[in-house]
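**Q** Have a look at this fold, sequence not included:
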């Protein structure tokens, strides 16, 4: 069982290279979401669809 499957199954896992790549994408999206103007509903909605 790989670490992504373990994580998704809520089992203990190690943040190996595959897990870290997924986390990088999520962190970039979260940073963009958090720095977007709260009244820019279109951009916020687009970011939520990407996640």
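**A** Cool, got the structure. Note that the coordinates shown come from a computational prediction; the quantities given were computed from them, not determined experimentally.

**Q** contacts, neighbours, all on C-alpha from now
**A** OK.

**Q** Mind listing residues that contact the one helix or strand residue 42 maps to?
**A** Residue 42 belongs to helix 41-50 when elements are defined using DSSP states H and E. Residues outside helix 41-50 that contact it (CA atoms under 8 Å, 6 or more residues apart in numbering): 29, 32, 33, 36, 38.

**Q** at 10 Å what do you get?
**A** The contact list for helix 41-50 (CA atoms under 10 Å, 6 or more residues apart in numbering) reads 26, 29, 30, 32, 33, 34, 36, 37, 38.

**Q** Drop anything exposed from the residues you listed.
**A** Neighbour-count burial (16 or more other CA atoms under 10 Å) applied to these gives residue 33.

**Q** Can you redo the contacts of helix 41-50 as a markdown table, where the extra columns are distance to residue 49?
**A** Output for these, formatted as a markdown table (distance: CA to CA, whole Å):
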| residue | distance to residue 49 |
| --- | --- |
| 26 | 12 |
| 29 | 10 |
| 30 | 12 |
| 32 | 13 |
| 33 | 11 |
| 34 | 15 |
| 36 | 15 |
| 37 | 17 |
| 38 | 16 |
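
**Q** what are the ranges of the helices in the protein?
**A** 3-8, 17-35, 41-50 (DSSP state H).

**Q** Export those as JSON lines, with columns for mean pLDDT.
**A** Formatted as JSON lines, the helices of the chain follow (pLDDT from 0 to 100):
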{"stretch": "helix 3-8", "mean pLDDT": "96"}
{"stretch": "helix 17-35", "mean pLDDT": "95"}
{"stretch": "helix 41-50", "mean pLDDT": "92"}
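
**Q** Looking at those, which one is packed in the most?
**A** Of all these, helix 3-8 carries the top mean neighbour count, a mean of 14, counting by mean count of other CA atoms under 10 Å.

**Q** For that helix, name the packing helices and strands.
**A** Secondary-structure packing of helix 3-8 (3 or more CA pairs under 10 Å, 6 or more residues apart in numbering; DSSP states H and E): helix 17-35.
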